[in-house]
Structures are given as structure tokens and as C-alpha cells.
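> sequence first, then the predicted structure:
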Protein chains: 2
Amino acid sequence: MFESAEIGHKIDKATYRREEPKLREALLDAQYDLGQKKRFATVIVIGGVDGAGKGETVNLLNEWMDPRHIMTSAFPGLSDEEMERPRMWRYWRALPPRGKIGILFGAWHNDPIMERARKRITAGELDHAITETVRFERMLTDEHILLLKIWLHLSKQQQKKRLNALRRDPATRWRVTDAEWEQYRHYDRLRKVSEYYLRQTNSAEAPWMVIEGADPEYRSLTVGRLLLAALRERLDDEPVARLPDKTPPLLPPIDKRNVLKALQLDQTMDREGYRRELEKWQGRLNLASRHPRFGRLAVVAVFEGNDAAGKGGAIRRVTQALDSRQYEGVSIAAPTEEERAQPYLWRFWRHVPRRGRFAIFDRSWYGRVLVERVEGYCSEADWMRAYSEINEFESQLAAHGVVVVKFWLATSKEEQLKRFREREKVPFKRFKITEEDWRNRKKWDAYERAVCDMVDLTSTTAVPWTLVEANNKYYARLKVLNTLTQAIERALKRARKK
Amino acid sequence: MFESAEIGHKIDKATYRREEPKLREALLDAQYDLGQKKRFATVIVIGGVDGAGKGETVNLLNEWMDPRHIMTSAFPGLSDEEMERPRMWRYWRALPPRGKIGILFGAWHNDPIMERARKRITAGELDHAITETVRFERMLTDEHILLLKIWLHLSKQQQKKRLNALRRDPATRWRVTDAEWEQYRHYDRLRKVSEYYLRQTNSAEAPWMVIEGADPEYRSLTVGRLLLAALRERLDDEPVARLPDKTPPLLPPIDKRNVLKALQLDQTMDREGYRRELEKWQGRLNLASRHPRFGRLAVVAVFEGNDAAGKGGAIRRVTQALDSRQYEGVSIAAPTEEERAQPYLWRFWRHVPRRGRFAIFDRSWYGRVLVERVEGYCSEADWMRAYSEINEFESQLAAHGVVVVKFWLATSKEEQLKRFREREKVPFKRFKITEEDWRNRKKWDAYERAVCDMVDLTSTTAVPWTLVEANNKYYARLKVLNTLTQAIERALKRARKK
């Protein structure tokens, strides 16, 4: 992969002086169009060999274009905020909204390559990181982000020469530390690992652009022209009206049975028993949440269900047991403008809790495969790929030690009607029932099918769905409480072993 | 993933008798349309738990539809033919052409799941197989194949019940062997590994369809309806004229340097020295090819180059050193009708050599990113994804112990002109020069750019490109011979260690 970047590319200074102003103007124009049309975001990943001009390139792009519409992020050591979240969280935070350019100085590729070169991770772990990367980048390009991955390369001799030159100059001496010389000593190994990584993460939608970094004029002009060509191509491209649908249909329902219909929705639980049990489980939950080892965990609890199934009531019974500084309640409605300018899962990633904390979602990322699917708010291709993206998201959470519990609160159609009528009658409950609820109710079967597909495709051993029979509110609340509590208790036990 | 397939789905026999004839007719219609339109091939993968009706389903589909247009393949133990090729070779062989249906009874998913459940491979190796699978399936769907992956499931209790029922019936007793009971004993572990594998290989384009296998009527009707719905959707879908191009442009050339221009094309080698060296290297190559350990290797040699660069001559100098029973010469021209009905790489996979043998390609799979790119015979999205597909193909070969050597024979534009003129003058060489050669020559710069991109994106440590300075034919032939010979000698050394 590095052949073309070791042959001594060079641009003479006169040519550079002539070309640079034209390029800058064109880049500014493109940046302006990008901001006006707001059709997509641009992510520029800068990676490569030390001394190949990564920092200079980042600075130059900020100089050439309007820096107010560029978000530049570097990823040195992990902050405590970052350490307490899954690996990819810091990169989600750095994504630019539609219309903007994000420059990522050393991104998700960096750690896996360096760690493998230092033999701190196995070949299998490297492959795992690669799989994660391939999925992440695919998600970005599926979300119409223009992803440009630039690798600045130097041959071994070039790197040595460059590091020596930097060291000799008093103005740049500070930039050559032991870390840079360590990289040089491991040049061959780093090269081998990088090549493998680059090849495995190369794709048509997000190819690596390997650029020789030795000559500053060549390097700068190449990066600039590349960015310009990519922006122009995408900006001038007429959006295609209808994307081809390559997804086969999901399983059609054949008999009358499904996971929802298989539930015994009417369960018995009287007020007396409920009070006793409630106290017991809230007590256990509170104890678990104050356990010394709880600081190593975090909890994400997702509440979904029919309209009027009692999500709010169940959530309150959970939060009553918690210290109010310990949890965030996240109520999901229509996305904000800022959220609409980002990939779908971005607005959920921002609420991923730190260690020792709860995030409680009243509705969630499952909106994509429920309401958005049924109401046609997104294309079939979009909600079909969401199942895999959601699984990837949740398994990254689980791998990081986050306890993820997901509840579907199910009532019968009759029970829902009863509750709707009740809400209309009681003045202080009236705000809870809208025209929309009545409209949704007419699509009961379509929603039912969407829920069954959701359970089939996103219930996993690590992150299972809990279906809650919710015709009896007491029963439902207790099932939520004891499922959640026991999941945390199991995780506390596992944490002991580590 | 298995929730919906453990709730006792059932269809009563009366309903089944009423629905079956309608379904069969509709399936036959769809199959007929598929064969007429020949727009895509259909691949049905059947996997799942033993006793869940995999075999019955395969038989039923053959019974319901016209078996003359169905290719059914099962994959029991490896044949010696298969053992001597990379793992995926047997599945490439089983792919149906456009217009046909291929039923794969236990496919590429089977071994990784079973081996991991038996702890014969590590978690890392399973992940590696998953990555390979994801790429392979993505290639299939990118090639417009309708890929349906069906998983027939039974709960633990259902499996036990089913195996006992089969054992009790004298007509089916033979089907329950120790292997089936072993599967049952490891049910929990198998379920866990399967779930992980299914989730990781699930995608919008090729989702897994998990179907409960206990009730034959339910199972059959579900599989049939699913196939029908998927076929109908794709058949009735109007093809979209223009696919959206999500690929950013490749690196634009900035200076006048590139890997081809960096070559010193004129090399000296006189007739005398050539004869001496030729004898020496042909001798060494012959020795290497008759080495006892050569039986553990295979060789794939690829020859690409400018028109009139001397590919044929170089190939002859190689084959002169070999036993003619030991190699296959593969000359790549326009694909046959049979080949056009398959994914792009299919026609190269069929020539992958067995162990102990050579396959020598005069032009190759690189046509996609050379002539097809330059002449616009395929879309940009198609040739852009080809780089990754080719890397995957070659790394599968290399991982299997195949020595892959790739030569680009480069002459200068002037030298080419000289040779064209010479060919026109000499009567017995005239067949070698056509109008097309002159036309290609006019696109010299476009081809040069395509070659440079090809080298950048497909030259890897394991499978590097060798650029051959070919203005002097003697020099070029010797460089080819000694590069090839030394690559084999190195592989023989490595084989000793194993």
C-alpha cells in the first residue's frame, strides 16, 4: 500500500506559490456550498507516521478554510470522562453536524495499530477492533457522511532524516521526544501492522489515501486537492431520488402466534402484595446502587411499550429507589435540530452514562424500528440496517461493563382502550392522551409486527429484551424492578471476579 | 434472536392443505420469471439445529419448484479437492448463475460455529471467520445476488423430543446418530455460539430468518412464503437506472512522479548474459517445483502489462522450466456466457490450483480495475469495491499457503510504438496487433493512472506487486524468473518449519 508514497514526490516552490491561492479559493467556495446545502457532513481522518506532517496538515486546513466551520479534535491519552465510556464514545463526540467539516487528528485507527505494534494486544484483538471499525465506518457512510481517511507516510530513511532535521532546529526540537524515536525504532513492525490495518479497513466508500509526507509542498497540495475533489464531486452530484432497495423482506407472519400474543397479559397482583414486594425490591435496588463495586458498572435501562402501557409509572418506581444525583432520565421525543444533523445513534451516545451511574430511557433508539418504520419516517433500507447498528451499539456498551436492560411493556388492545377512556375522563390525566395516540391505535397490527421483528433481531444473551405483561400495573412494575435489580446484582458478582 | 422460534408456532393440517397448492403455484411462477428475466441469482442458505427439519426443507423446495433450475449443494466433510484449496473455494463452486436458485444445505457458517462450540478454535479465530463471512456476503449482495439465510431452530426440549421421535420410528432411526446426540448434549454452548455468529453476520442486505422447526406445516409454509415474498419483491422491483455513487475519488496526481515513472525502464542485458542466467534460473525453478515439500504449496502467477510488453514471452520462459502436467495456463479474455452470469471473481476462483500445482494467468482479475475501469465497462462503484474484494481473494490464497506473485511488465511509450510497428511488418507476428491495441495506446495516461492506483491499493507484504522494467526483454524475463523462483524457495523454507 505504500509503494507510491516512497518514490520522492516533490513540488517545486514556484509551482506551489502559483497553485496555493487558487486551491484556497476553491476550497473556501466548496466549504461555503457545504454549509449552505447542509446535505452531508465531512469527516477527515488524519493518520500516519510520526514526522510525516500530520500536525502541519491539520493546521494548514484550518488556515486555508474558514475555521469557524471546522471542528478539529485530537485524541491524546484518555480523559477520565472518556475512560469511563466505551472506546468509540470519544469519536462519536467528535462527529461534525451536517454542513460542517470535522478533522480528526489520529482517530479510531490509532490505538489498535500502536497497541498491536507494541504487542500489547493479540492478532485476534486487532481483528476484533478492525471489525468494529469496518462497521462504524460503514454506518458513517450509510448516514451519508463524506469520510476521507488520509495516511501520511514516510519511508524508514525519510523518517530518520525528518526526525533529525526537527531535532536540529531549535524551534522544533520540542516536537521530537522519546516517543517519536521509539516509533522509529519499531518502524518495520509498525509498517507491517499499519499495512494490514489499512488494507482490512479499506473500502470503496471510505478508501485510505496514502500520501508521501516528506515534501511539504507536495503533501499540502495533495491533501488540499483531494479534499476539494471529494467535496466537489459530492456537492455537484444530484441526489438520487430513490435508493435501490437491496433488502429482502423480513419473515412474514404465518400463524397467529408471536412473542407478544404468547404472553399471558393478565397477571394477578393485589395492592397489599404489591406494597410489600415494592418495598423489598426498591430496597434491594437501592443497596445494589450503593454497593462499593457499583462504581465499576453503569446501567442503561430502556423502557418501550404500547401507548398507555405504564412506562412512566414503572420508571418512577425505579427512580424512587435511587439517589437523584446518580441517574439521568432521558425522555426521547422528536430529535432536536442539532440531533437531526447527526447520524441516527448520535443522540443516544451522548447520554451514555459514566461509571457508577444510571441512564433511564423513556423510549429510545428503538424508535427507528418502531414508529419510524411503521409511519414511514425513514426508508426501508434505513430501518433495516438499524438492527445491526443497534446490536453493535449495545454490544459495545455491554463489553464495557454497562448493564443494559430493555423492557417492552405490553397491554392488550382492550386494556389500552380502557386506559385511553380513563385518561380522557380524569382532568389531570388528560394531557397524557392525544389524537396521535388514537391514530397509533389504528395501526395496532403494524406495530405488533414491528415489535416482534425488533425482539427477534435485537434480543441477545448479553442484552436480552424483557417482555412485561402489563395489564396489571402492579405486576408490571414489580417485574421491571426485580429484573433490573437482579441484572445489577449479577453484574456486581461478576465484577468481584475481576 | 431465538425468542420467536420457541413459542410453539403451529399450522393446522387443514389450513396447510388449503394453502400449499396456492403457494406452489406462486413459487413456480416466480421461478419462471426469475429464469426469464435472468436479472439475479438466488442463494438460499439453510442452517440450524439438528432435527429442526433442514433436510426436509431442502427436499420440499426441490419438490415444490422445478428442480432443473435449482442447484442443491451439501457440504459434508472436505473432499481432497476441497482440502487443497482455500476454505471458501467449495462455496464459490456452489454459486448458481443468474436466473437460477442455489440451495446450500449448511454453508460457510457451519464450520466456524461447530468448531467454536467444540472449543477447537479460539474466540479470535471465530471473529476472523466472521469478518471473512461478512465480506463474502457483502460481495454477493453487491453482485445483486438475492441471499436468503434461513436458520431452523428448536428449543432444547423440542430438540430432545424430536430426536426421540425420530429414533422411535424405524423409517427414520438411521438419521439419529451419535453426532446428533452430541449436538444435543452441547445444546447450550451451541446456542450461545450460534446466537453470537448470527448476530454478527446479520445485515440489512442479508438478514438471518430464524424459523421454528418443530411443526412441519408451520416450518414449510413459512419458508415457502418467505422465499416467495423475497423473489416477488425483487422481481417486481423496477431496476434503478443509476446507482448513487458514494465513493470519494482516488488520489489525484499532483506532480509528475508515480511508481511507473520512477522505474528505470531501460536496463542492459546482452544475449550472452541472458542465455547464461536463463539456464541458471530455469534450473533453479525446475528444482524448486520438484522439491518434496512443493506438494504442500501451490503457485498463482499473474502477468499483467502494457500491450506488447512481452507477457507471452515471459510466461513461456517460466513454463519451459516446468513439467507440463504441473501447470495450467489461463488466458483471460472476454468472459464466457456462463462466467458473465456469476459474481466477478467466480471465473478466477475456478482456476485456483490444487496443492503442488501452478496456475499462470495471462491477464487476470485485475482487468476490473484496469480495462473495465478505463473503458467504463463497469460502474465506478463496481471497480472501487473490486480493490477490497481482490485483496480478500489474494489474502485467502496466501493464508492457505498459495504463493501469489504478480508482475506488471512496463515498457515506455516509445518502445511500445517500436514493437507495434515491428509486429505490423513481420507477417507471423501480425496476428498479435489489432486496431484495439492502437486505440488503447491513445489512452496511455488513463491506463497509467489505473495501474498506479492498482499498485497502491493491492500491493501488500504478503502479496506484493513486482514492477518489471521491460524495455529490454532479456532483462524482463530474467527478473520474472528470479522473482518467482525466489518466492517459491522462500515458501519452501517456511514450509519446513511447520
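That came through fine.
> ok, for the residue in the stretch 251-400 of chain A positioned nearest to chain B, nearest residue in space, not its chain neighbours?
Sorted by distance to chain B under C-beta to the nearest C-beta, the residues of the stretch 251-400 of chain A start with A:Met384, at 3.6 Å. To be clear about C-beta, it is placed using only N, CA and C from the backbone, and glycine gets the same treatment. Nearest non-adjacent residue to A:Met384, counting by C-beta to C-beta, 6 or more residues apart in numbering or on different chains: B:Ala204, 3.6 Å away.
> does that neighbour touch A:Ile390 like I think?
No: using C-beta atoms under 8 Å, B:Ala204 is not in contact with A:Ile390, being 11.9 Å away.
> overlap in contacts, the two.
Contact criterion C-beta atoms under 8 Å, 6 or more residues apart in numbering or on different chains; no residue bridges B:Ala204 and A:Ile390 by contacting each.
> sorry, back to before: where does the residue nearest to A:Met384 sit: helix, strand or coil?
Judged by DSSP: H, G, I helix; E, B strand; the rest coil, the three-state class of B:Ala204 is coil.
> what's the burial count for it?
21 (other C-beta atoms under 10 Å in any protein chain shown).
> ok, it - contacts?
So B:Ala204 contacts A:246-247, A:381, A:384-385, A:387-388 (C-beta under 8 Å, 6+ apart).
> again with A:Leu457
Counting by C-beta under 8 Å, 6+ apart, A:Leu457 has contacts A:369, A:387, A:391, B:1, B:202, B:207.
> surely the residue of the stretch 251-400 of chain A closest to chain B is in contact with B:Pro207?
Yes: using C-beta under 8 Å, A:Met384 makes contact with B:Pro207 at a distance of 7.3 Å.
> give the residues shared as contacts by the two.
Here A:Met384 and B:Pro207 have A:Thr247 as joint contacts, going by C-beta under 8 Å, 6+ apart.
> near chain B, which residues of the stretch 51-200 of chain A?
Selection of the stretch 51-200 of chain A residues close to chain B by C-beta under 8 Å from any C-beta of the partner chain yields A:122-125, A:127-128, A:130-131, A:134, A:141, A:144, A:146-148, A:192, A:195-196, A:199-200.
> would you mind checking those for buried ones?
A:125, A:127-128, A:130-131, A:134, A:141, A:146-148, A:195-196, A:199-200 (16 or more other C-beta atoms under 10 Å in any protein chain shown).
> any chance of a markdown table for those, columns secondary structure?
Shown next, in a markdown table, are those (three-state DSSP):
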| residue | secondary structure |
| --- | --- |
| A:Glu125 | helix |
| A:Asp127 | helix |
| A:His128 | helix |
| A:Ile130 | helix |
| A:Thr131 | helix |
| A:Val134 | helix |
| A:Thr141 | helix |
| A:Leu146 | strand |
| A:Leu147 | strand |
| A:Leu148 | strand |
| A:Glu195 | helix |
| A:Tyr196 | helix |
| A:Arg199 | helix |
| A:Gln200 | helix |
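> going by distance to B:Thr57, which of these wins?
A:Thr131 (30.8 Å; C-beta to C-beta).
> just list the residues touching the closest one, thanks.
B:127, B:130-131, B:134, B:200.
> farthest-apart pair in those, please.
Of all pairs drawn from these, the greatest distance, 10.4 Å, lies between B:Asp127 and B:Val134 (C-beta to C-beta).
> need the overlap of contacts for these two.
Shared contacts of B:Asp127 and B:Val134 (C-beta under 8 Å, 6+ apart): A:131, B:200.
> let me see the contact set for A:Leu166.
A:51, A:172-173, A:175-176.
> now the strands: where do they sit in the stretch 351-498 of chain A?
A:358-362, A:402-410, A:465-469 (DSSP state E, counting those that start in this stretch).
> so what strands line up beside the second one?
In its sheet, strand A:402-410 lies beside strand A:298-305 (parallel), strand A:465-469 (parallel), with partners assigned from DSSP bridges.
> list the contacts of the longest one.
Residues from elsewhere that reach strand A:298-305 (C-beta under 8 Å, 6+ apart): A:84, A:311, A:314-315, A:318, A:352-364, A:366, A:370, A:397, A:401-411, A:468, A:470, A:480, A:484, A:488.
> got the angle between that strand and strand A:358-362?
On the basis of axes from the mean of the first three to the mean of the last three C-alpha atoms, to 10 degrees, strand A:298-305 is oriented at 10 degrees to strand A:358-362.
> give me the mean pLDDT for stretch A:261-276.
Mean pLDDT, stretch A:261-276: 93.
> buried sites along that stretch?
Applying 16+ other C-beta under 10 Å to stretch A:261-276 flags A:263, A:265, A:267, A:269, A:274 as buried.
> I figured the first one hits A:Ala470, correct?
No: with contacts defined as C-beta under 8 Å, A:Leu263 does not count as touching A:Ala470, sitting 9.2 Å away.
> which neighbours do those two share?
A:Ala410.
> surely A:Phe361 and A:Val330 touch.
Yes: with contacts counted by C-beta under 8 Å, A:Phe361 reaches A:Val330, the gap being 4.9 Å.
> higher neighbour count, these two?
A:Phe361 (22 against 19).
> enumerate every residue touching the more buried one.
Residues near A:Phe361 by C-beta under 8 Å, 6+ apart: A:300-303, A:330, A:332, A:348, A:351.
> any quick ChimeraX command for the buried ones out of the residues you listed?
Buried subset of those, written as a ChimeraX selection, criterion 16+ other C-beta under 10 Å:
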select /A:300,301,302,303,330,332,348
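> so can I have a markdown table of the contacts of A:Phe361 showing pLDDT and distance to B:Ile70?
As requested, these are exported to a markdown table (pLDDT from 0 to 100; distance: C-beta to C-beta, whole Å):
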| residue | pLDDT | distance to B:Ile70 |
| --- | --- | --- |
| A:Val300 | 97 | 47 |
| A:Ala301 | 98 | 49 |
| A:Val302 | 98 | 44 |
| A:Phe303 | 98 | 47 |
| A:Val330 | 92 | 51 |
| A:Ile332 | 91 | 47 |
| A:Phe348 | 95 | 44 |
| A:His351 | 93 | 50 |
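> just the closest of the contacts of A:Phe361 to B:Arg340, please.
A:Phe348 (45.4 Å).
> identify the residues contacting A:His153.
Here A:His153 is in contact with A:2, A:5-6, A:48-49, A:52, A:210-213 (C-beta under 8 Å, 6+ apart).
> recalculate using a threshold of 6 Å.
By C-beta atoms under 6 Å, 6 or more residues apart in numbering or on different chains, the residues touching A:His153 are A:2, A:5, A:48-49, A:210, A:212.
> so how far is A:Ser388 from A:Asn202?
21 Å (C-beta to C-beta, to the nearest Å).
> cool, and A:Ala495?
Counting by C-beta to C-beta - A:Ala495 and A:Ser388 are separated by 29 Å.
> comparing the two, which residue is more hemmed in?
Using other C-beta under 10 Å as the criterion, A:Ala495 and A:Ser388 rank with A:Ser388 on top: 21 against 16.
> may I have the residues that are in contact with the more buried one?
B:202-203.
> give me the neighbour count for A:Val403.
22.
> quickly list what it is bridged to.
A:Val299.
> check contacts around it.
For A:Val403, the contacting residues are A:297, A:299, A:487-488, A:491, by C-beta under 6 Å, 6+ apart.
> gap between it and A:Ile130?
27 Å.
> again with A:Ile7
28 Å.
> check A:Ala359 too.
29 Å.
> appreciated, that's everything.
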